[in-house]
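# All I have is the shape, not the residue letters:
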């Protein structure tokens, strides 16, 4: 199963993905998390130490250009680069959860990064096609990634929405753009929900019930502020997290 998560910045998508990763692992699944956010935080969330030593693959420009086969002055590059060895070289593991940090291609003065981006997309496609594990893809905030088609091969897209007008507007915009992709299932997940009024506000604004609603958790806030792994907060929201997994695996 391949699951991607998206949403407005600050809605807690990395937190929810971390909780899903830990619960899937507790359920006996092999879990690979792909952090594709330009400002990656998943390593800290799952408790990886010395995160400053993790270099996002997208920052290894020379390697990516080499794999793309592009030569100086040439407009041509390999659209099917070899990436199998990169998949193993750049995966770290923490307590049974595997992590790969992609990051984002940054270009100076608007230059084209097509060859490097193609290598990343090729790697992502390879990973998302792995049949023997749950792959969780933490996307960048907003909607830009949908235009690049990087998540078209996932089985399910989760769009995180918080009970605010701006949160709902962004969630709906992501949903509308995602409908143009080949994603089979698209669902909303509520976060920072304090009470039934918040849940109803989300359901009415989104036009449908979220398949799960995570609470506005003081426990999670305290754990995050203390710099502890978010995985340690799972017991406080285990029922909601397992309920979300049950919905994801029911179809």
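Cool, the structure landed. A quick note: this is a predicted structure, and the numbers were derived from the prediction, not measured. Residues are numbered from 1 along each chain as shown.

# from here on, contacts and neighbour counts on C-alpha atoms
Will do.

# which other helices and strands contact whichever strand in the chain runs longest?
If you go by DSSP state E, the chain has its longest strand at strand 185-193. Using 3 or more C-alpha pairs under 8 Å, 6 or more residues apart in numbering; DSSP states H and E as the contact criterion, the secondary-structure elements in contact with strand 185-193 are strand 156-161, helix 165-178, helix 196-206, strand 213-215.

# Could you pull out the strands in this structure for me?
2-7, 31-35, 92-94, 97-101, 134-138, 156-161, 185-193, 213-215.

# Let me have these in JSON lines, extended by mean neighbour count.
Putting those into JSON lines (neighbours: other C-alpha atoms under 10 Å) gives the following:
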{"stretch": "strand 2-7", "mean neighbour count": "25"}
{"stretch": "strand 31-35", "mean neighbour count": "25"}
{"stretch": "strand 92-94", "mean neighbour count": "15"}
{"stretch": "strand 97-101", "mean neighbour count": "22"}
{"stretch": "strand 134-138", "mean neighbour count": "24"}
{"stretch": "strand 156-161", "mean neighbour count": "25"}
{"stretch": "strand 185-193", "mean neighbour count": "21"}
{"stretch": "strand 213-215", "mean neighbour count": "21"}
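
# about what we covered before: can I get the helices and strands packed on strand 185-193 in a markdown table with mean pLDDT?
Below are the helices and strands packed on strand 185-193 laid out as a markdown table (pLDDT from 0 to 100):
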| stretch | mean pLDDT |
| --- | --- |
| strand 156-161 | 95 |
| helix 165-178 | 92 |
| helix 196-206 | 98 |
| strand 213-215 | 98 |
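
# now the strands of the chain as TSV including distance to residue 207?
Shown next, in TSV, are these (distance: least, C-alpha to C-alpha, whole Å):
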stretch	distance to residue 207
strand 2-7	17
strand 31-35	29
strand 92-94	39
strand 97-101	34
strand 134-138	24
strand 156-161	12
strand 185-193	10
strand 213-215	15
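
# Of all the ones you listed, which one is nearest residue 22?
Judged by C-alpha to C-alpha, the one of those that comes nearest to residue 22 is strand 97-101, at 7.5 Å.

# what is the orientation angle of that closest one with strand 31-35?
The directions of strand 97-101 and strand 31-35 differ by 20 degrees, with axes from the mean of the first three to the mean of the last three C-alpha atoms, to 10 degrees as the criterion.

# what mean pLDDT would you report for strand 97-101?
Within the predicted structure, the mean pLDDT of strand 97-101 is 87.

# Each with direction, which strands does the longest strand of the chain pair with?
Strand 185-193 pairs in its sheet with strand 156-161 (parallel), strand 213-215 (parallel), by DSSP bridges.

# Can I get those strands in CSV including distance to residue 234?
Formatted as CSV, the strands paired with strand 185-193 follow (distance: least, C-alpha to C-alpha, whole Å):
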stretch, distance to residue 234
strand 156-161, 18
strand 213-215, 11
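
# between those, which gets nearest to residue 194?
Across the strands paired with strand 185-193, residue 194 has its closest neighbour in strand 213-215 (5.8 Å, C-alpha to C-alpha).

# Residues touching that closest one, excluding its own?
Around strand 213-215, the neighbours that count as contacts under C-alpha atoms under 8 Å, 6 or more residues apart in numbering are 189-194, 199, 237, 240.
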